[in-house]
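Q: Please find the sequence and the predicted model below.
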Amino acid sequence: MPSTRGEKDACDLLDADHKAVKKMFKEYDELTESKARSASQRKQELAQQICLELTVHAQVEEEIFYPAVRGAIKEMDLLDEAEVEHQTAKDLIAQIQAGGEEEKIDAKVKVLGEYIDHHVKEERNEIFPKARAARKLDLVAMRDEIEARKEALMSEMGAMA
């Protein structure tokens with residue numbers, strides 16, 4: 001059953017992730033302009049945090065959100081594209097996590113941010129409205145499932161970092 005728009009649903013939760021990571025990309029970008037010694041350390045921490053957030057976000061979308069939406073809408077090409085975009089983002093995330101020259105990391109974080117912006121626009125403008133219109137999806141219950149899985153992944157991956 002579709003949610004009444006008064007209650008937060010899975011799309012709202014995923015979009016909150018989008019907004020949080022966009023803030024981190026903005027902070028990273030501002031730090032690339034800074035000459036302060038502390039900026040370099042903060043950028044490394046921020047890059048790792050961005051990678052963690054995006055990894056967890058992609059995993060919950062792939063495990064929970066996309067399969068449910070795939071069963072409820074007709075436009076499979078949207079979800080196929082989203083999954084391909086996830087794979088490309090994961091490749092960039094792996095390169096950022098591997099480290100290397102700071103300038104190259106800056107460039108990779110910038111490209112990842114641009115890539116994520118594009119992906120977010122498609123989700124907000126195409127996938128989320130279709131998911132909300134699908135009668136078969138209980139996006140409020142899915143929100144709870146995604147939240148629980150995110151918490152588990154964050155503590156799991158955070159412990160490994």
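A: Alright, I've got the coordinates.
Q: wait, M76 sits on Y66?
A: No - when contacts are counted by C-beta atoms under 8 Å, M76 is not listed as touching Y66 (10.5 Å). Yep, even glycine has a C-beta here, placed from its N, CA and C like the rest.
Q: more crowded one of these two?
A: Y66 (20 against 10; other C-beta atoms under 10 Å).
Q: Can you give me the neighbour number for K35?
A: The number of residues near K35, taken as other C-beta under 10 Å, comes to 6.
Q: Tell me how far it lies from I105.
A: The spacing between K35 and I105, counted by C-beta to C-beta, to the nearest Å, is 17 Å.
Q: swap in V56?
A: Taken as C-beta to C-beta, the span from V56 to I105 is 20 Å.
Q: can you map out the helices along this structure?
A: 10-33, 37-60, 66-70, 76-98, 102-122, 128-133, 139-160 (DSSP state H).
Q: Need the residues that contact the third one.
A: Which is helix 66-70. M76, L79, A82, E83, I127, K130, A131, A134, L137, M142 (C-beta atoms under 8 Å, 6 or more residues apart in numbering).
Q: which ones are touching the nearest residue to the fifth one once chain neighbours are set aside?
A: Closest residue to I127 in three dimensions, ignoring its sequence neighbours and counting by C-beta to C-beta, 6 or more residues apart in numbering: L78, at 5.6 Å. If a contact means C-beta under 8 Å, 6+ apart, then L78 has E122, E126, I127, K130 as its contacts.
Q: Can I get the helices of the chain in a markdown table including mean pLDDT?
A: As requested, the helices of the chain are exported to a markdown table (pLDDT from 0 to 100):
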| stretch | mean pLDDT |
| --- | --- |
| helix 10-33 | 96 |
| helix 37-60 | 93 |
| helix 66-70 | 95 |
| helix 76-98 | 94 |
| helix 102-122 | 94 |
| helix 128-133 | 96 |
| helix 139-160 | 91 |
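Q: Now stretch 68-80: buried residues?
A: For stretch 68-80, a neighbour-count test (16 or more other C-beta atoms under 10 Å) marks A68, V69, I73, L78, L79 as buried.
Q: The second one and F128: what is the separation?
A: Taking C-beta to C-beta as the measure, V69 falls 9 Å from F128.
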